[in-house]
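Novice: need coordinates for the below:
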Amino acid sequence: MGQTIDALAHRTSQKAGRIFVANWPASQRLGNRTARASGRGAACAGRFALKTLHWYLTRQVLAALVMALLVFTFVLVLGNVLKELIELLLHGRAPAGALLQAIGLLIPYLWVFALPTALLTATLLVFGRFSADQELTAVRASGVSLLSVLTPILLLSLLLCGLSALVNLEIAPRCRVAYKNLLATMKLDVASVQLPEGRFITDYPGYLFYIGRNRREQLQDVLVFASERGVVTRTLHAARGQLHLNPTNRQVIIELLNVKGVDVAGGRRVPFSAARVPILLDLNPAPRAAKKPRLSDLTFQQLRAELRELERQMQWPTSTPDAPSPEAGTTGALRPASELLSPIRVQMHRQVAFSFACFGFALVGVPLGVRLHRRETNVSFAVALVLLLVYYGLFVLAQSLDTRPEFAPHLLVWVPNFLFQAVGAVLLARANRGW
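Specialist: Numbering: from 1, shown residues only. Sure, this is the predicted structure:
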């Protein structure tokens, strides 16, 4: 009986073993499918969280970028208005429409400097707060690296480089020329601001004016002293007068009406009166708009055409006996030519190199913001100011050598970009490792 039970138990256990072995692959596949599904769910959740983080940082940087761009643009516009339009504004003679047009033309030129500055400030602000609020610590604890977080910010900086290139190479120079032309026209059209009321005017050689009232080119209570070699030869007083402009000849005609005056000749004073006495004033020098634009006001295509034209004009005919030999190099007769061409090359390289400032500023601004670990806006602005002084100082130094081709200044203008990008890459790698 006992042997029968043992045999039955043995056969039962063998059968159960065969069933388990037969069903083992199915169980393993079910477990693998469950694990893979769980992994795919975790991966999808991770990608969604990373996209959310990318969108969050992009919105923060864009908001700070717009704010900083508005602030820097306002400051630069205010500085240029105070520098170039203050006289027109003080006397209230600048037309509102022309003034707004001048500011509109000035803004693209100022964005050459304001856009990279704004991006640098934005990255310092956003990542300084990102680090100070321990958000970066939480991101690292979840297994996401700093470089993974920065992908949209670096792409944004490259897009801004493209926008900067469009502004630097084409839009800003054209707007700058149009702004100078408009400014010269405004100074001529509102030349009456040079005749402000209530004070003596010594701006015109040979004349001393005093105008009681000046209302839209209608003058009242006008007093004029005409002199030669510092000696007064005539005094005029008119109850009223009119101001006429001659833009073609750049002249202003002051027409005095109901004039009483005194001529001084040979020590004698001869009084006289007249119904009308015109005074012709020459507005010199000629406006800058009539002159050839400076190199800094030329577009990239205009600079390239200028360079090709100068190179063509400076080529020596091969049949000329006095033509320098190719072995002369950059010495002797060819050196003045290289000095003339060097400023154009420097300006062309400066426009292109300046377009990449946004990328270098982004590479430097992110790790410095993380290291600052500060939420205060004034700290970020101070650091941005120091970096800007270094960057633009190197640019100015390289551009000051534009007439020294032996130093290759057209290549030196790239040094600030390479320096900031190299330093930014090193700092970013260290920040990514958590150092």
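
Novice: could you dump whichever strand or helix holds residue 302 to CSV, C-alpha only?
Specialist: Here residue 302 sits within helix 300-313, counting by DSSP states H and E. Output of helix 300-313 as CSV, limited to C-alpha atoms (Å, rounded to 0.1, in the frame of the first residue of the first chain):
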residue,chain,number,x,y,z
PHE,A,300,28.1,93.4,-47.2
GLN,A,301,27.3,93.3,-50.9
GLN,A,302,28.3,96.9,-51.3
LEU,A,303,31.6,96.2,-49.4
ARG,A,304,32.4,93.3,-51.6
ALA,A,305,31.7,95.4,-54.7
GLU,A,306,33.9,98.1,-53.3
LEU,A,307,36.7,95.7,-52.6
ARG,A,308,36.5,94.2,-56.1
GLU,A,309,36.5,97.7,-57.7
LEU,A,310,39.6,98.8,-55.8
GLU,A,311,41.4,95.6,-56.6
ARG,A,312,40.6,96.1,-60.2
GLN,A,313,41.8,99.7,-60.2
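
Novice: next structured bit after that helix?
Specialist: helix 335-354.

Novice: tell me what the very next helix or strand once past that next one is packed against?
Specialist: The C-terminal neighbour of helix 335-354 among helices and strands, as given by DSSP H and E, is helix 357-372. Packing partners of helix 357-372 (3 or more C-beta pairs under 8 Å, 6 or more residues apart in numbering; DSSP states H and E): helix 96-132, helix 146-166, helix 377-399, helix 415-432. Heads up, the C-betas are built off the backbone N, CA and C, glycines and all.

Novice: select, out of those, the one closest to residue 216.
Specialist: helix 96-132 (14.5 Å; C-beta to C-beta).

Novice: could you figure out how far that closest one is turned away from helix 335-354?
Specialist: Using axes from the mean of the first three to the mean of the last three C-alpha atoms, to 10 degrees, the direction of helix 96-132 lies 60 degrees away from that of helix 335-354.

Novice: next, the angle from helix 96-132 to helix 357-372.
Specialist: 40 degrees.

Novice: can you pull the buried residues of helix 96-132?
Specialist: By neighbour count on 16 or more other C-beta atoms under 10 Å, the buried set for helix 96-132 is 98-99, 102-103, 105-132.

Novice: picking up where we left off before, JSON lines for the helices and strands packed on helix 357-372, including mean pLDDT and distance to residue 409?
Specialist: Formatted as JSON lines, these follow (pLDDT from 0 to 100; distance: least, C-beta to C-beta, whole Å):
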{"stretch": "helix 96-132", "mean pLDDT": "88", "distance to residue 409": "19"}
{"stretch": "helix 146-166", "mean pLDDT": "91", "distance to residue 409": "21"}
{"stretch": "helix 377-399", "mean pLDDT": "85", "distance to residue 409": "5"}
{"stretch": "helix 415-432", "mean pLDDT": "91", "distance to residue 409": "10"}
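
Novice: as CSV, these with distance to residue 406 would be great.
Specialist: Output for those, formatted as CSV (distance: least, C-beta to C-beta, whole Å):
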stretch, distance to residue 406
helix 96-132, 29
helix 146-166, 29
helix 377-399, 14
helix 415-432, 16
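
Novice: nearest to residue 251, out of those helices?
Specialist: Using C-beta to C-beta, these put helix 96-132 closest to residue 251, at 21.0 Å.

Novice: list the contacts of the helix holding residue 302.
Specialist: 169-170, 173, 295, 298, 340-341, 344-345, 347-348, 351-352 (C-beta atoms under 8 Å, 6 or more residues apart in numbering).

Novice: show me the contacts for the residue nearest to the spatial centre of the chain.
Specialist: Nearest residue to the geometric centre of the chain (C-alpha atoms, centre = their mean): residue 112, 1.8 Å. By C-beta under 8 Å, 6+ apart, the contact set of residue 112 is 164, 167-168, 172, 354.

Novice: nearest to residue 55, of the helices and strands packed on helix 357-372?
Specialist: That would be helix 146-166 among those, by C-beta to C-beta, at 7.9 Å.

Novice: angle of that closest one against helix 415-432?
Specialist: Using the same axes, to 10 degrees: helix 146-166 against helix 415-432 is 160 degrees.

Novice: next, the buried residues of helix 146-166.
Specialist: 146, 149-150, 153, 156-157, 160-161, 164-165.

Novice: can you check stretch 369-378 too?
Specialist: Quick answer for stretch 369-378 (16+ other C-beta under 10 Å): 369-374, 377.

Novice: of these, closest to residue 266?
Specialist: Of all the buried residues of stretch 369-378, residue 266 sits closest to residue 377, with 74.1 Å by C-beta to C-beta.

Novice: I'd assumed residue 125 was in contact with that closest one.
Specialist: Yes: assessed by C-beta atoms under 8 Å, residue 377 is found in contact with residue 125 at 6.4 Å.

Novice: okay, and for the stretch 151-300 of the chain, where does confidence drop off?
Specialist: For the stretch 151-300 of the chain, residues meeting the criterion pLDDT under 70 lie at 186-196, 198-200, 246-250, 283-292.
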